[in-house]
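Asks: got a sequence here, can you model it:
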Amino acid sequence: MLPLAASQRLARDQRWFLAVFAMQVALGLLAFLVQAVAGCRVLFAVYAVYFWRELSGGGAASADDLEPLKLQPRRDVPSRVAVLVQTALTLAVIFVASQVFVSQLEWAGPAMGLPPVVGGVAALPDRHRAAGDDERADLGAPG
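Replies: Numbering: from 1, shown residues only. Here you go, the predicted model:
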């Protein structure tokens, strides 16, 4: 079980994520041009506020709060190479998991009979534009 300070920080981070996610879903329901212009500015502003609060907040983590490195669990101070290798492996796992997630969304949307707009809101990449199709075709609007 997480210590109280860690669970409070996790809860705060989850509230930020859910607020930004809800805002992005709402923006996804708007026209794509409005979403691209307004959405980027608003999301960057929200992330800037979050970043500033995290760096300037009094809840800074100390080295005592950190779990030992998975590659060197018995060392108090792990080697730089072990830190870099574990970081690279973690990023690789995140990348592969995100690709699996997107491929599952690409499969699940049409399987459930959802229109492409719903898939776009669910963070699907816009593959139709890469093929040269117009956004209006995605929305079912006449060309």
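
Asks: hey, let's count contacts and neighbours off CA atoms from now on
Replies: Will do.

Asks: quick one, helices of the chain?
Replies: 4-28, 32-34, 40-56, 80-111, 116-121, 127-130, 135-139 (DSSP state H).

Asks: which helices and strands does the third one pack with?
Replies: So the one you mean is helix 40-56. Helices and strands in packing contact with helix 40-56 are listed as helix 4-28; criterion 3 or more Cα pairs under 8 Å, 6 or more residues apart in numbering; DSSP states H and E.

Asks: could you say what helices and strands the helix it packs on packs with?
Replies: Contact analysis of helix 4-28 by 3+ Cα pairs under 8 Å, 6+ apart lists helix 40-56, helix 116-121 as its packing neighbours.

Asks: before we move on, back to that, of all the helices of the chain, which one comes closest to residue 65?
Replies: Closest to residue 65 of those, according to Cα to Cα: helix 4-28, at 8.4 Å.

Asks: got the angle for that closest one vs helix 40-56?
Replies: Between the axes of helix 4-28 and helix 40-56, defined by axes from the mean of the first three to the mean of the last three Cα atoms, to 10 degrees, the angle is 170 degrees.

Asks: what stretches of this protein score poorly on pLDDT?
Replies: Residue ranges of the chain with pLDDT under 70: 1-2, 27-28, 30-36, 39, 58-64, 115-143.
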